[in-house]
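>>> got a sequence here, can you build the structure:
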Amino acid sequence: IDSSFKVQPALASLMSGQLVVPPGSGGETEFASSRAAYEAFPHKATVDGLICIHDFDYSLRLLGQRPPNSILRRVPPVHHF
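Have a look, this model is predicted:
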C-alpha cells in the first residue's frame with residue numbers, strides 16, 4: 001500500500017515475493033515513477049493547480065466495503081497539491 005490516503009505518505013513501498021513464478025507465467029509486477037511521468041507529461045498546463053482528494057472511505061465504498069468509524073477518524077480525506 002502506498003499510503004497516499006495519509007497526510008504524510010510513506011517514503012517508500014516494498015514488495016516481498018512469497019511465491020515467485022517463472023517469467024511469462026503471470027504475476028508480472030511493474031513499478032512506475034509518478035514524478036517521471038509528470039515530467040514527461042506534455043500537457044502540464046492542463047493539470048497544474050488542480051487538487052487531488054484521496055478519500056479512503058470513498059475508495060473502499062467503491063469496492064462495497066464500509067470501514068468502521070474508528071478507522072475513518074484516523075484517515076480523513078487528504079488533499080494533494
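>>> so residue 30 sits in a helix?
No - residue state for residue 30 (DSSP: H, G, I helix; E, B strand; the rest coil) corresponds to coil; a helix is not indicated.
>>> for it, grab the count of nearby residues.
Using other Cβ atoms under 10 Å, residue 30 has 4 other residues around it. For glycine as for every other residue, the C-beta is placed from the backbone atoms N, C-alpha and C.
>>> ok, now how distant is it from residue 15?
Separation of residue 30 from residue 15 (Cβ to Cβ, to the nearest Å) stands at 11 Å.
>>> pull the residues that contact stretch 41-48.
The list of residues contacting stretch 41-48 from outside it, by Cβ atoms under 8 Å, 6 or more residues apart in numbering, reads residue 38.
>>> so which bits of it are buried?
Under the neighbour-count criterion of 16 or more other Cβ atoms under 10 Å, stretch 41-48 has nothing buried.
>>> residue boundaries of the strands in this structure?
Assigned by DSSP state E, the chain shows strands spanning 52-54, 78-80.
>>> just so I know, which of the ones you listed lies nearest residue 8?
Nearest of those to residue 8, taken as Cβ to Cβ: strand 78-80 at 9.3 Å.
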